[in-house]
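[1] Next one to model:
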Amino acid sequence: MSLEFVIGGREGIGKGWRMLMESLAAGRWISSPAMSVAAAQLSTRVVGAYATIREQFDTPIGRFEGVEEPLTRIAGHTYWISAAPRLSCSALEAGERPSVVSAITKAYLTEGMRTVLTDAMDIRAGSAIMRGPRNVLSRNYQAAPIARSILEDRVARRTLTREIYMPGKDEVGLGRLKAALEKSTDAQRVESELRDAVRNGVLDRAPGDQLAESALQAGLIGHHELQVLKDAGDIRDEVIQVDAFEPDEYAQMR
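    This is a model prediction of the structure:
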């Protein structure tokens with residue numbers, strides 16, 4: 001391949017993954033959040049008015065407890081969905097390109113939008129499924145699965161991301177972070193059981209390692225579960241640390 005096909009020329013060799021992540025970060029913090037904000041605010045405006053003027057038994061349906069609950073959920077979700085882009089746009093204006101945070105923002109806002117649209121469709125009931133110029137929610141509801149398709153392990157996501165390079169689990173940075181996520185996911189069930197045991201008074205509160213050892217001695221977990229917890233704890237400590245120095249080396253630096 002000629003150097004003229006490499007973005008940035010010779011100096012851009014080996015930086016393709018970083019360019020891709022920075023480009024995705026900007027898009028995930030502008031386009032996707034904007035869609036979520038628009039859909040959530042539109043849903044809030046539509047169902048808020050609908051629940052006020054639509055009556056049943058001479059009473060606005062918005063006063064029924066079964067409708068008040070999703071209305072409250074819609075308002076709460078719309079509030080934080082609208083607030084998130086303020087953070088993202090401020091960071092982008094400052095010149096930042098935080099790929100991990102932008103991915104988290106996109107995932108939460110997309111799921112929040114889906115929740116709002118589902119509740120809005122439930123409140124509008126029959127009028128929500130009759131397609132026509134007066135139904136302003138149906139198109140957004142149909143689009144929600146498209147935005148969500150690449151957030152889950154589906155055929156669509158694997159097809160769209162098949163050619164994207166994913167670092168190996170031993171590579172520093174994203175590779176180790178991915179490995180830590182997998183180990184932490186494996187340990188969630190055991191950690192949940194230990195929390196339940198503490199809550200029910202079966203085990204006394206203690207730091208993580210001590211609690212796991214106590215659970216082993218009490219017969220609540222086996223050696224395999226204990227190892228799962230230790231592996232998850234070790235790799236968490238590895239990936240979240242800022243600096244790693246030996247005690248003697250750190251003493252010399254002070």
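[2] For the rest of this, base every contact and every neighbour count on C-alpha atoms.
    Will do.
[3] what about the stretch 101-250 of the chain, any weak spots by pLDDT?
    Applying pLDDT under 70 to the stretch 101-250 of the chain flags residues 126-134, 138-169, 171-174, 240-247, 250.
[4] 80 instead, please
    Along the stretch 101-250 of the chain, the model assigns pLDDT under 80 to residues 101-107, 125-178, 208, 236-250.
[5] which residues of it fall in helices?
    126-129, 138-149, 155-160, 174-199, 208-217, 223-240, 247-253 (DSSP state H, counting those that start in this stretch).
[6] pLDDT of the longest helix anywhere in the chain, averaged?
    Across the chain, the longest stretch assigned as helix under DSSP state H is helix 65-93. Mean per-residue pLDDT for helix 65-93: 84.
[7] what comes up buried for that helix?
    In terms of neighbour count (16 or more other Cα atoms under 10 Å), helix 65-93 has its buried residues at 67, 70-71, 74-75, 77-78, 81-82, 84-85, 88.
[8] and that helix, what other elements does it pack with?
    In this structure, helix 65-93 packs against helix 31-53, helix 99-124, with contacts taken as 3 or more Cα pairs under 8 Å, 6 or more residues apart in numbering; DSSP states H and E.
[9] any chance of the buried residues of helix 65-93 in a markdown table, plus distance to residue 180?
    Listed next are the buried residues of helix 65-93 as a markdown table, based on distance: Cα to Cα, whole Å:
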| residue | distance to residue 180 |
| --- | --- |
| 67 | 41 |
| 70 | 36 |
| 71 | 38 |
| 74 | 34 |
| 75 | 35 |
| 77 | 30 |
| 78 | 32 |
| 81 | 28 |
| 82 | 31 |
| 84 | 26 |
| 85 | 28 |
| 88 | 26 |
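[10] What is the nearest of those residues to residue 217?
    residue 77 (44.2 Å; Cα to Cα).
[11] returning to that earlier point: of all the helices and strands packed on helix 65-93, which one is nearest residue 232?
    Here helix 99-124 is closest among the helices and strands packed on helix 65-93 (Cα to Cα), at 20.3 Å.
[12] List the buried residues of that closest one.
    99, 102-103, 105-124.
[13] possible to save the helices and strands packed on helix 65-93 as TSV with distance to residue 16?
    TSV is the format used below for these (distance: least, Cα to Cα, whole Å):
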stretch	distance to residue 16
helix 31-53	22
helix 99-124	14
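[14] Compare those and give me the one nearest residue 62.
    Nearest of those (Cα to Cα): helix 31-53, 4.5 Å.
[15] Now that closest one: buried residues?
    Using 16+ other Cα under 10 Å as the test for burial, helix 31-53 gives 32-44, 46-48, 50-51.
[16] same deal with stretch 209-221?
    Judged by neighbour count (16+ other Cα under 10 Å), stretch 209-221 contains these buried residues: 211-215, 220-221.
[17] same thing with stretch 222-233?
    Under the neighbour-count criterion of 16+ other Cα under 10 Å, stretch 222-233 has 225-226, 228-233 buried.
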